[in-house]
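Visitor: Quick one: sequence and predicted model below, then my questions.
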Amino acid sequence: MFLSFTLSRRLQAVELLLSRGSEINGKSNFGSTPLHFAASLSPEWTDDVKEFMKHSALEVNPRNKDGQTPLHLACSRGHFHTVDMLLGHNGIDVNVVDKNGDTPLHEAVQRRNYELVSLLLNQDSVQLDIKNHREMTPLLLSVSEGHLGMVHKLIAKGADVNDVNNEGNNCLHLAVKMEGFHSEVEPLNILDKFVTFVIGKQKEDISSQFDIKCRCCHENLATVRLQPCGDLVLCENCSSEMTFKRCPVCREYTLSKSEFVLNGEHLFTF
């Protein structure tokens, strides 16, 4: 009998079957072990995880048909205490990737769980710059999700701010596309504080990072966006003279122009 089918009977049944030699690493048709099931269930099941981990024969990094380990599942469901317990096992692999190329750290970021991200980053063995199948690192994901606290943690730990995804976007490109960041402490404006507080670059460096020229004069830096698409198309001088029915970049109908912050100064909004 597979031990995975007894989990609903809780700890007493688990202890009994283990004492009688049930296979602790037995798998379901989907490739899930009892540890997968226990890790994915509600936090009150941490006692079952603890019971499994007493056994020397336990495989702590088995992968199901999605390539996910119990640690992946616990992270994706936000089970802090289960993750903490799994990380305490000597054989745990915190960097294993699933079929989408995601590590447990990717899962925690996608879950938007600041506490889990912090817990994983405390592991000496964690690799910060693993890319998934979209070539997104945990840092790129945290920027795209707009979580400044996670971004700060990852960069402080040493994440590469120059990594790019499969569309060629680095963290600054992704930050520009965001309407705003969520901070675990307080709301923050997006680009200005992102650049100065997190990456530590001067705001003047934006032009060298993007080097987007005005589509009218082709000389000055484009600092004005069209809305709703958000494409940077005009410099300050040309914006007062030019209007567009359609964006020259994406061809979307244009409703307005919007300001862009450059060198600490708020330009105009139309």
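Guide: Now that the structure is in, tell me what you want to look at. Given the structure is predicted, the values throughout are model-derived calculations rather than measurements.
Visitor: For residue 140, see how far away residue 64 is.
Guide: Noted for residue 64: a distance of 26 Å to residue 140, by CB to CB, to the nearest Å. (Each C-beta comes from the backbone N, C-alpha and C, glycine too.)
Visitor: Isn't residue 126 up against residue 120?
Guide: Yes: here residue 126 lies in contact with residue 120, judged by CB atoms under 8 Å, at a distance of 5.7 Å.
Visitor: Comparing those two, which residue is more hemmed in?
Guide: Taking residue 126 and residue 120 together and counting by other CB atoms under 10 Å, residue 120 has the greater number of neighbours (26 against 17).
Visitor: That one - that's part of a helix, no?
Guide: Yes: according to DSSP: H, G, I helix; E, B strand; the rest coil, residue 120 belongs to a helix.
Visitor: quick revisit: name the residues contacting each of residue 126 and residue 120.
Guide: Shared contacts of residue 126 and residue 120 (CB atoms under 8 Å, 6 or more residues apart in numbering): 94, 105.
Visitor: Which stretches in the stretch 101-250 of the chain count as helices?
Guide: Ranges of helices in the stretch 101-250 of the chain, per DSSP state H, counting those that start in this stretch, are 104-110, 114-121, 138-145, 148-157, 171-177, 191-193, 205-210, 236-239.
Visitor: and those helices, which one's lowest on average pLDDT?
Guide: Among the helices of the stretch 101-250 of the chain, helix 205-210 carries the lowest mean pLDDT, a mean of 46.
Visitor: Which of residue 64 and residue 140 has more residues huddled nearby?
Guide: Counted by other CB under 10 Å, residue 64 and residue 140 do not tie: residue 140 has more neighbours, with 28 against 20.
Visitor: which stretches of the stretch 51-200 of the chain aren't confidently modelled?
Guide: Flagging of the stretch 51-200 of the chain using pLDDT under 70 yields the residue ranges 178-200.
Visitor: rerun that using 80 as the cut-off
Guide: For the stretch 51-200 of the chain, the stretches with pLDDT under 80 are 51-52, 55-56, 175-200.
Visitor: which residues of it fall in strands?
Guide: Assigned by DSSP state E, counting those that start in this stretch, the stretch 51-200 of the chain shows no strands.
Visitor: between the helices of the stretch 101-250 of the chain, which one is nearest to residue 76?
Guide: Shortest distance between residue 76 and the helices of the stretch 101-250 of the chain, using CB to CB, is found for helix 104-110: 4.4 Å.
Visitor: Show me how far that closest one is from its chain's centre.
Guide: Helix 104-110 sits 5 Å away from the centroid of its parent chain (CA atoms, centre = their mean, to the nearest Å).
Visitor: Residues in contact with that helix: which ones?
Guide: So helix 104-110 is in contact with 69, 71-72, 74-76, 83, 94, 96, 102, 116-117, 120-121, 126, 128, 130, 132, 136, 138, 141-142, 145, 147, 150, going by CB under 8 Å, 6+ apart.
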